[in-house]
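Peer 1: Any chance you can model this:
(chains A, B, C and D)
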4 protein chains.
Amino acid sequence: RYLDAGTSGGIWGLERGYCLMIGGDQSSAQRLDPIFAALAPGPGDIPKTPGREGMKSTAELGYLYCGLSGAGHFVKMIHNGIEYGLMQAYAEGFDILRGANSDNLPAGLSYDLNVADIAELWRRGSVVSSWLLDLTATALASDRQLDGYSGFVEDSGEGRWTIQAALEEGVSAEVLSVALYTRFRSRQEHTFAEKILSAMRKGFGGHVERPPAVKMKQGL
Amino acid sequence: RYLDAGTSGGIWGLERGYCLMIGGDQSSAQRLDPIFAALAPGPGDIPKTPGREGMKSTAELGYLYCGLSGAGHFVKMIHNGIEYGLMQAYAEGFDILRGANSDNLPAGLSYDLNVADIAELWRRGSVVSSWLLDLTATALASDRQLDGYSGFVEDSGEGRWTIQAALEEGVSAEVLSVALYTRFRSRQEHTFAEKILSAMRKGFGGHVERPPAVKMKQGL
Amino acid sequence: RYLDAGTSGGIWGLERGYCLMIGGDQSSAQRLDPIFAALAPGPGDIPKTPGREGMKSTAELGYLYCGLSGAGHFVKMIHNGIEYGLMQAYAEGFDILRGANSDNLPAGLSYDLNVADIAELWRRGSVVSSWLLDLTATALASDRQLDGYSGFVEDSGEGRWTIQAALEEGVSAEVLSVALYTRFRSRQEHTFAEKILSAMRKGFGGHVERPPAVKMKQGL
Amino acid sequence: RYLDAGTSGGIWGLERGYCLMIGGDQSSAQRLDPIFAALAPGPGDIPKTPGREGMKSTAELGYLYCGLSGAGHFVKMIHNGIEYGLMQAYAEGFDILRGANSDNLPAGLSYDLNVADIAELWRRGSVVSSWLLDLTATALASDRQLDGYSGFVEDSGEGRWTIQAALEEGVSAEVLSVALYTRFRSRQEHTFAEKILSAMRKGFGGHVERPPAVKMKQGL
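Peer 2: Below you'll find the model as predicted:
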């Protein structure tokens, strides 16, 4: 007999806590409950959610029996799908902040923004505060242009499975899908799709594509 | 002389802290610095970002001079654009979790998940932990099916301005755009676009569209 | 031994022609070639593609052996995935044309456009001319507001399989995915995702969502 | 007094016909009607749209007075927005067809498809037949891998204006937006957004991104 148990918390789990998502035969999960309770980080100093005062659930201890076989991995998978979407939302936002620095913009639409300070500022009570933002602020603190990163972004499969689940259920997953696709795109120099576009443009308009010359302010 | 100062923190700012994004003439902002310092929530007990030890910036106090006139509102605007994307990522993920409960799924792909407990669980050290997740867990704790919400979702304009900035800069904003469009869509019974699709389908395939009959498990 | 043979042309195949996409064992397909040649519509009066003068292929006769078992259905499936994307592109464009008619727009951004005439006009040599546009022009000619259509849009499965293929291959399919999701969305009154958004907005901002009141010009 | 007159038909207008979209003062447009009638390609041999038998409109002659000043350019702009969406739908579909050729796929999911023949086949009565498909078939006929194209794709501004119109109207434009964004993306080696993703992934998971090694079958 097997149980499936996904976990989230990354390499910081020991310090920050982590959570366990468990699936399988309920009696087996029940029998192993002492092990999960021992492994789980416990309530820590995370504020109690209003409305859960009377509820009995191990969720607040950091582990949860989610359902029959596969349910634990399913929940972990959706967690990662959400993660991709969250990451892409921050990524686009910071790209637009940085883009405001372009010399190609009309006067009056161009700013000289310090993205590292802005990431730090948003950690203070803003609606977008999160652990992913904390990590972004840390990365920008030491490398404001992120020159140390290639921008080649892997996906470890859970994002794809999330979309497959959405397709099977008939649930719209626009954000989670396009977040995944930007990763696919990041790993190629040019796609065949883009060459098809170039070919069509040459076909109907005689357009011949040329590479760009974008100048960014030194200050960035 | 005017300064622009966006703020984020919502109706919880007094309790959770908030942050101020300031734009305008630098000397004017400098002169008002004591006021901003007095208004801002200060460092609180938010952990110091590694790598910022030697840096001098008011960002850690909860306010920041972002640049010339408009820069404060610009940064606040992008903040809201990101917010839309983050919210939509969670929303889609929870919709897929809930969708796993459908009786229309093939056996073996259907689970009976407790979305309220899962939201609570993910507050424990997971990669998707955030204030928006805390709020989601609170809402689900008292109304697991969210029957008290219409699903009619306003947008207050900043999401649109974020996309306009992306267009001007030539920066891709897939997630932020589709997050905004789901709000547009949520406010209509049916779009003209959908009727165009129906009309085409009837045209080429003789398809006549019928309303659906989806059954969900009682347990949800 | 089986062959798979997808076809496209809809209910107009007898009149407009259609095409056959064949997969399976090559020798079997070869043996049945006379049948496919007899069924296929032949070259008709479709202009010869420049550059194919010397090529030998049955493609110009309206049938094609695409590859091993499943290849015919695979190609037909991608055809339908593309179809969804094309349809959604027209649908959004006509929705924006119609939207220009809204009284909510600032003066100078509002037009009083005749979408039926515009669809007809674009059939004349424009870059967007296609059979799907012809069908749209036909539908709009007799029902300019498309009141006879519910806007509830089915999908017959091929769009989903197309996305699954893209996921397996690691190929970006933004347009084909969101085109499919708008169909999913069209079949629901409100999604759980939208209720999550409403719940979050109430949580951080005290926003209570209200239904809209959009007025359109009578003329539309 | 000025009129605005957009046109579509590309460099093939003389041969294939083209259409004129006119805006401005109605009496001025009326006065110039003989000029537009002389310039326009006329009905040609394009089949009459069913349902338009009794209608009086210059649309069937290839020109149309669309409305007050700006209406002609507005309609032309939306035309181009649609064009971007159509092109991207084909581009993604052909990319998925080509991707089926990857050696990285599990056995049984890999085909050896001839994309040039498939493009030609679909010109025969299929639902996706269009002029853009004709152009794609022409390009693939002489360069099946499109090695002669960089995949660097310009946008000439109308796609951006289309999205701005959608934003002002509150109309969803998912497909038209992401179609535009793939062009933005095609013109960069790596985006700052992608580097943000890499930085976050290193932050929470210790992931260090590496470039890929994808092998394609020689046959493609």
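Peer 1: what about the strands in chain A?
Peer 2: Assigned by DSSP state E, chain A shows strands spanning A:3-8, A:19-24, A:63-67.
Peer 1: Just confirm residue A:207 contacts residue A:201, I think it does.
Peer 2: Yes - in terms of C-beta atoms under 8 Å, residue A:207 counts as a neighbour of residue A:201; the distance is 4.2 Å. Where you see a C-beta, it was placed from the backbone N, CA and C, and this is true even at glycine.
Peer 1: Which of the two has more residues huddled nearby?
Peer 2: Neighbours were counted for residue A:207 and for residue A:201 using other C-beta atoms under 10 Å in any protein chain shown; residue A:201 has more, 23 against 16.
Peer 1: give the contact list for the more buried one.
Peer 2: For residue A:201, the contacting residues are A:207, A:209, D:87, D:153-154, taking C-beta atoms under 8 Å, 6 or more residues apart in numbering or on different chains as the criterion.
Peer 1: Residue A:49 too?
Peer 2: Neighbours of residue A:49 in contact, by C-beta under 8 Å, 6+ apart: B:120, B:123, B:134, B:137-138, B:141.
Peer 1: need the residues of chain A near chain C, please.
Peer 2: When proximity is defined by C-beta under 8 Å from any C-beta of the partner chain, chain A lies next to chain C at A:127, A:160, A:163-164, A:167-168, A:170-174, A:177-178, A:180-182, A:184-185, A:187, A:191, A:193, A:204.
Peer 1: In helices, which of these appear?
Peer 2: A:160, A:163-164, A:167-168, A:174, A:177-178, A:180-182, A:184-185, A:193, A:204 (DSSP state H).
Peer 1: quick revisit: in JSON lines, list the strands of chain A along with distance to chain B, mean pLDDT and mean neighbour count.
Peer 2: Formatted as JSON lines, the entries for the strands of chain A read as follows, by distance: least, C-beta to the nearest C-beta, whole Å; pLDDT from 0 to 100; neighbours: other C-beta atoms under 10 Å in any protein chain shown:
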{"stretch": "strand A:3-8", "distance to chain B": "4", "mean pLDDT": "95", "mean neighbour count": "20"}
{"stretch": "strand A:19-24", "distance to chain B": "4", "mean pLDDT": "97", "mean neighbour count": "26"}
{"stretch": "strand A:63-67", "distance to chain B": "5", "mean pLDDT": "97", "mean neighbour count": "27"}
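Peer 1: Of the ones you listed, give the one that comes closest to residue C:43.
Peer 2: Put simply, out of the strands of chain A the one that sits nearest residue C:43 is strand A:3-8, at 56.7 Å, with distance taken as C-beta to C-beta.
Peer 1: I'd like to know which elements that closest one is packed against.
Peer 2: In this structure, strand A:3-8 makes packing contacts with strand A:19-24, helix A:71-99, judged by 3 or more C-beta pairs under 8 Å, 6 or more residues apart in numbering or on different chains; DSSP states H and E.
Peer 1: Provide the strand pairings for it, with the direction of each partner.
Peer 2: In its sheet, strand A:3-8 lies beside strand A:19-24 (antiparallel), with partners assigned from DSSP bridges.
Peer 1: picking up where we left off before, for the ones in helices among the residues of chain A next to chain C, which entry has the maximal number of neighbours?
Peer 2: Busiest of these [other C-beta under 10 Å] is residue A:177, holding 34 neighbours.
Peer 1: that older thread, please identify the most buried of the helices and strands packed on strand A:3-8.
Peer 2: The highest mean neighbour count among those, using mean count of other C-beta atoms under 10 Å in any protein chain shown, belongs to helix A:71-99: a mean of 27.
Peer 1: Now do it against helix A:174-186, angle only.
Peer 2: Helix A:71-99 and helix A:174-186 are oriented at 70 degrees to each other (axes from the mean of the first three to the mean of the last three C-alpha atoms, to 10 degrees).
Peer 1: who's in contact with the closest residue in space to residue A:135 that isn't next to it in sequence?
Peer 2: Spatial nearest neighbour of residue A:135, excluding adjacent residues (C-beta to C-beta, 6 or more residues apart in numbering or on different chains): residue D:203 at 3.4 Å. With contacts defined as C-beta under 8 Å, 6+ apart, the neighbours of residue D:203 are A:135-136, A:138-139.
Peer 1: May I ask which of these has the most neighbours?
Peer 2: That'd be residue A:136 among the contacts of residue D:203, by other C-beta under 10 Å, with 29 neighbours.
Peer 1: Just to check, that one is in contact with residue D:202?
Peer 2: No - counting by C-beta under 8 Å, residue A:136 stays clear of residue D:202, with 11.1 Å between them.
Peer 1: Quickly list what the nearest residue to residue A:75 once chain neighbours are set aside is bridged to.
Peer 2: Nearest non-adjacent residue to residue A:75, counting by C-beta to C-beta, 6+ apart: residue A:21, 4.3 Å away. With DSSP bridges as the criterion, residue A:21 is bridged to residue A:6, residue A:64.
Peer 1: just how off-centre is the lowest-mean-pLDDT helix or strand in chain A within its chain?
Peer 2: In chain A, no helix or strand scores lower on mean pLDDT, DSSP states H and E than helix A:13-16, which sits at a mean of 83. Between the mean C-alpha point of helix A:13-16 and the mean C-alpha point of its chain there is a distance of 19 Å (C-alpha atoms, centre = their mean, to the nearest Å).
Peer 1: Okay, now the unreliable bits of chain A?
Peer 2: Low-confidence segments of chain A, defined by pLDDT under 70, span residues A:210-220.
Peer 1: Give the burial count for the closest residue in space to residue A:197 that isn't next to it in sequence, as a bare number.
Peer 2: Counting by C-beta to C-beta, 6+ apart, the nearest residue to residue A:197 once its immediate chain neighbours are dropped is residue D:153, at 4.7 Å. Using other C-beta under 10 Å, residue D:153 is surrounded by 27 other residues.
Peer 1: Tell me how far residue A:69 lies from residue D:142.
Peer 2: Distance check for residue A:69 against residue D:142: by C-beta to C-beta, to the nearest Å, it reads 54 Å.
Peer 1: Which of those two has more residues huddled nearby?
Peer 2: Neighbour comparison, residue A:69 and residue D:142: the larger count goes to residue A:69, with 17 against 14 (by other C-beta under 10 Å).
Peer 1: Correct me if wrong: that one contacts residue A:23.
Peer 2: Yes - Residue A:69 sits in contact with residue A:23 when judged by C-beta under 8 Å, with a separation of 5.7 Å.
Peer 1: Name the residues contacting each of these two.
Peer 2: Shared contacts of residue A:69 and residue A:23, defined by C-beta under 8 Å, 6+ apart, comprise residue A:4.
Peer 1: sorry, back to before: could the contacts of residue A:49 be laid out in JSON lines, adding distance to residue A:28?
Peer 2: Putting the contacts of residue A:49 into JSON lines (distance: C-beta to C-beta, whole Å) gives the following:
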{"residue": "B:120", "distance to residue A:28": "23"}
{"residue": "B:123", "distance to residue A:28": "26"}
{"residue": "B:134", "distance to residue A:28": "32"}
{"residue": "B:137", "distance to residue A:28": "28"}
{"residue": "B:138", "distance to residue A:28": "32"}
{"residue": "B:141", "distance to residue A:28": "28"}
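Peer 1: Go through the residues you listed and say which is closest to chain D.
Peer 2: Closest approach between these and chain D, by C-beta to the nearest C-beta: residue B:123, at 16.0 Å.
Peer 1: Neighbours of that closest one, how many?
Peer 2: By the criterion of other C-beta under 10 Å, residue B:123 has 22 neighbours.
Peer 1: any idea how chain A splits into domains?
Peer 2: Chain A resolves into domains spanning A:3-47+A:56-69, A:74-186 when parsed by the TED database.
Peer 1: which residue packs closest to residue A:196, ignoring adjacent ones?
Peer 2: Leaving out its chain neighbours, the residue that sits closest to residue A:196 by C-beta to C-beta, 6+ apart is residue D:91, at 4.0 Å.
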